[in-house]
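*Asks:* Okay, predicted coordinates and the sequence, questions at the end:
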Amino acid sequence: MAIELLCRKIGMTRVFLESGECVPVTVLEAGPNTVVQKKTLERDGYAALQLGFADRRKKTLQKSRVGHFEKSNVAPKRYLKECRVSEEELGQHEVGGEIKADIFEAGQKVDAIGVSKGRGTAGTVKRHNFKVKRKTHGTHEGFRNPGSIGAGAYPGKVNRGHKMFGRMGSEKVTTRNLEVVQIDSDKNLVLVRGGVPGHNNALVRLRPATSPK
């Protein structure tokens with residue numbers, strides 16, 4: 001259990017290492033995250049931190065949500081997420097405190113959690129990488145058709161979970177064991193090697209790798 005920092009995906013670029021290697025990286029604006037609430041084992045049954053990220057105008061929030069922020073003496077935030085932590089780590093943070101990008105370090109392995117880009121309704125070739133039929137003699141117009149989806153006599157139905165056309169993307173995705181290439185503490189930026197799920201300006205949760213290689 002560790003802190004999952006709320007980040008904003010800025011986009012992709014590249015950096016050059018001291019060895020001269022060109023590395024593709026994703027730039028994440030990692031906060032600062034504000035501690036809005038603390039969940040304790042005695043009161044709530046588990047230990048967790050409720051983090052807020054990105055300011056929001058007060059008049060756009062419900063009264064109950066405004067009262068929640070005022071109780072913690074914290075400015076209204078656009079995003080609120082909980083992350084389970086140990087009791088020892090819970091005691092290191094106070095309500096109203098800030099958690100910044102410097103909790104990570106270069107070379108560390110992290111997991112990025114986000115919602116993938118929505119692709120709308122897609123066919124089997126794009127969605128499941130089905131093979132396109134040969135465009136030769138004997139093949140009619142259905143070059144991208146999926147083919148047979150089951151027998152007629154038995155079972156006489158399409159089995160659950162069969163790969164077919166449908167909505168593609170817009171799903172929760174966890175990319176594991178990404179390497180932190182660089183940290184910019186002044187601007188709260190984390191540069192992660194490779195791609196991260198989500199579109200630009202999307203919300204991404206960043207945490208230390210749970211099963212590092």
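*Replies:* Yep, it's here.
*Asks:* Now for the nearest residue in space to residue 143 that is not next to it in sequence, how many residues are close by?
*Replies:* Using C-beta to C-beta, 6 or more residues apart in numbering and skipping the chain neighbours, the partner closest in space to residue 143 is residue 133 (4.9 Å). To be clear about C-beta, it is placed using only N, CA and C from the backbone, and glycine gets the same treatment. Residues lying near residue 133 (other C-beta atoms under 10 Å) number 15.
*Asks:* check contacts around residue 133.
*Replies:* If a contact means C-beta atoms under 8 Å, 6 or more residues apart in numbering, then residue 133 has 139, 142, 143, 144, 145 as its contacts.
*Asks:* and the fourth one, how far is that from residue 168?
*Replies:* If you measure residue 144 against residue 168 using C-beta to C-beta, to the nearest Å, the figure is 14 Å.
*Asks:* Those two: which is more packed in?
*Replies:* Comparing residue 144 with residue 168 by other C-beta under 10 Å, the one with more neighbours is residue 168, at 17 against 14.
*Asks:* The more buried one contacts residue 127, doesn't it?
*Replies:* Yes: the pair residue 168 / residue 127 is scored as a contact, 4.8 Å apart, by C-beta atoms under 8 Å.
*Asks:* Show me the shaky parts of this protein.
*Replies:* For the chain, the stretches flagged by pLDDT under 70 are 1.
*Asks:* which residues in this protein form strands?
*Replies:* Taking DSSP state E as the test, the strands found in the chain are 5-16, 22-29, 33-39, 48-55, 77-84, 98-99, 109-115, 120-122, 166-168, 172-184, 189-193, 203-208.
*Asks:* and residue 62, which of these is closest to it?
*Replies:* Of all the strands of the chain, strand 77-84 sits nearest to residue 62, with 12.5 Å by C-beta to C-beta.
*Asks:* contact partners of that closest one?
*Replies:* Outside strand 77-84, the residues that touch it by C-beta under 8 Å, 6+ apart are 1-4, 6, 34, 36, 39, 46-56, 69, 203, 205, 207.
*Asks:* I'd like to know which of these are buried.
*Replies:* Among these, those scoring as buried are 2-4, 6, 34, 36, 39, 47-53, 69, 203, 205, 207 (criterion: 16 or more other C-beta atoms under 10 Å).
*Asks:* which helices and strands does the longest helix along the chain pack with?
*Replies:* The longest helix of the chain (DSSP state H) is helix 63-72. For helix 63-72, the packing partners by 3 or more C-beta pairs under 8 Å, 6 or more residues apart in numbering; DSSP states H and E come out as strand 33-39.
*Asks:* distance of the residue sitting nearest the centre point of the chain from residue 200?
*Replies:* By C-alpha atoms, centre = their mean, the chain has its centre lying nearest to residue 114, at 1.7 Å. Distance, residue 114 to residue 200, using C-beta to C-beta: 11 Å.
*Asks:* Restricting to C-alpha, output the longest helix of the chain in PDB.
*Replies:* Output in PDB follows, covering the C-alpha atoms of helix 63-72 (Å, rounded to 0.1, in the frame of the first residue of the first chain):
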ATOM      1  CA  LYS A  63     -23.400  22.500  -1.000                       C
ATOM      2  CA  SER A  64     -22.500  19.200   0.600                       C
ATOM      3  CA  ARG A  65     -19.200  19.000  -1.300                       C
ATOM      4  CA  VAL A  66     -18.400  22.600  -0.400                       C
ATOM      5  CA  GLY A  67     -19.000  21.800   3.200                       C
ATOM      6  CA  HIS A  68     -16.700  18.900   3.000                       C
ATOM      7  CA  PHE A  69     -13.800  21.100   1.800                       C
ATOM      8  CA  GLU A  70     -14.600  23.900   4.300                       C
ATOM      9  CA  LYS A  71     -14.500  21.400   7.100                       C
ATOM     10  CA  SER A  72     -10.900  20.500   6.100                       C
END
